[in-house]
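Trainee: Mind folding the following:
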Amino acid sequence: MRFPLHVTTDNIRHQIDQSRKGNRRYPLVLMLEPLYTCNLACIGCTVERHTGKLKDRLTVDQCLEAVDKSGAPGVSICGGEPTVYPELKELIDGIIKRQRHIYLCTNALLLETKLFGVVDPHPRLTINVHLDGMRATHDYVCDREGVFDKAIEMLKLGKKLGYHCITNTTIFKETKMEELEELLKLLEDIGTDGVLISPGYEYESVDRDIFLSRRETEEKFLRVLELSKKHRITSTPMFLEFAAGLREFKCSPWSTVTYTPMGWKGPCYLIGQKYYETWEEFWNGVDWEYWESRQDPRCQNCKMHSGFEASAVREAGKSPAQLIRLAAWNFLG
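Mentor: Predicted structure coming up:
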């Protein structure tokens, strides 16, 4: 299986419950950013997401309230760098107690001291290590030497200790697809549990010529689609076909909601047009139909999994053949 069984069953149960309630829009993942403090300053990241002061972090109670309010079965703890968060164990324990699945998104530099031996392996905890290429490329993106080697070391140690470990790779303009295949083979040899591959995050506040145009995304993801037939890539085949330009979907910005030290980020993970203090103000204040339509100029190049993976799964639900294909991809992959 590409995902632990309880992750699949929790998501199916959540979607059935929401359908019974008549809800067309509902979160599947909460992007929880407890802090804007980081031990790296990667070239594709926004300034506020790695320069925040530790004293301005969210409290555990604020984080857990966001988990409860969103109702999402999956919680992605990011930031900043979550292993810098002093109350990380308490936060993880609180989310697991609520029977949500955690994706701990990390650069892996502090895993050995801040997580391993502090938080035990758990079926509801997945460590998600960011790797944007092999050594030279990843260290360049992270703007520091040695980060790649440390990440690989921690992945090996994590698997040895019994943690569920996946990786996340962002495809930028300069990404060489041959290098991506080399990375996939390395991660397969290590025994990682999956690889998430996504087009470069075109944050509206990052002014660098590293992000992909729509045409460039489609060209590169035609190759990713080929690689997915040989390697354990966790994106659904429908999403990869969309990223490769073979399908078209509306966006589902409500499927992945983001809570930060500044509040609820609207409308989506990449565009912080407004921050809302309360869940009710956020959920009722965003014009979801407008952002679903992708008519905003900032949405033209976007093919992010956070907006379109849910669209792909929802579309698959309309066809028995596509549902069978999705089930085979998950259970037999």
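Trainee: Every contact and neighbour count from this point should use C-alpha atoms.
Mentor: Fine.
Trainee: quick check: mean pLDDT across stretch 307-318?
Mentor: Mean per-residue pLDDT for stretch 307-318: 89.
Trainee: What residues sit buried inside it?
Mentor: Within stretch 307-318, the residues that qualify as buried are 307-313, 316, counting by 16 or more other Cα atoms under 10 Å.
Trainee: name the helices or strands packed onto the helix-or-strand element of the chain with minimal mean pLDDT?
Mentor: Across the helices and strands of the chain, mean pLDDT, DSSP states H and E gives its lowest value to helix 320-332, namely a mean of 81. Where contact means 3 or more Cα pairs under 8 Å, 6 or more residues apart in numbering; DSSP states H and E, helix 320-332 is packed against helix 305-316.
Trainee: just the CA coordinates of stretch 11-30, formatted as PDB?
Mentor: Listed next in PDB are the C-alpha coordinates belonging to stretch 11-30 (Å, rounded to 0.1, in the frame of the first residue of the first chain):
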ATOM      1  CA  ASN A  11     -10.200   9.800   4.500                       C
ATOM      2  CA  ILE A  12     -13.000   7.700   3.000                       C
ATOM      3  CA  ARG A  13     -14.900   7.900   6.300                       C
ATOM      4  CA  HIS A  14     -14.400  11.600   6.400                       C
ATOM      5  CA  GLN A  15     -15.700  12.100   2.900                       C
ATOM      6  CA  ILE A  16     -18.700   9.900   3.500                       C
ATOM      7  CA  ASP A  17     -19.600  11.800   6.700                       C
ATOM      8  CA  GLN A  18     -19.300  15.200   4.900                       C
ATOM      9  CA  SER A  19     -21.400  13.900   2.000                       C
ATOM     10  CA  ARG A  20     -24.100  12.800   4.400                       C
ATOM     11  CA  LYS A  21     -24.100  16.300   5.900                       C
ATOM     12  CA  GLY A  22     -24.500  17.800   2.500                       C
ATOM     13  CA  ASN A  23     -21.200  19.600   2.600                       C
ATOM     14  CA  ARG A  24     -19.600  20.100  -0.900                       C
ATOM     15  CA  ARG A  25     -16.500  21.800   0.500                       C
ATOM     16  CA  TYR A  26     -14.500  20.500   3.500                       C
ATOM     17  CA  PRO A  27     -10.800  20.300   4.500                       C
ATOM     18  CA  LEU A  28      -8.900  17.100   4.000                       C
ATOM     19  CA  VAL A  29      -5.500  18.500   5.300                       C
ATOM     20  CA  LEU A  30      -4.600  21.100   7.800                       C
END
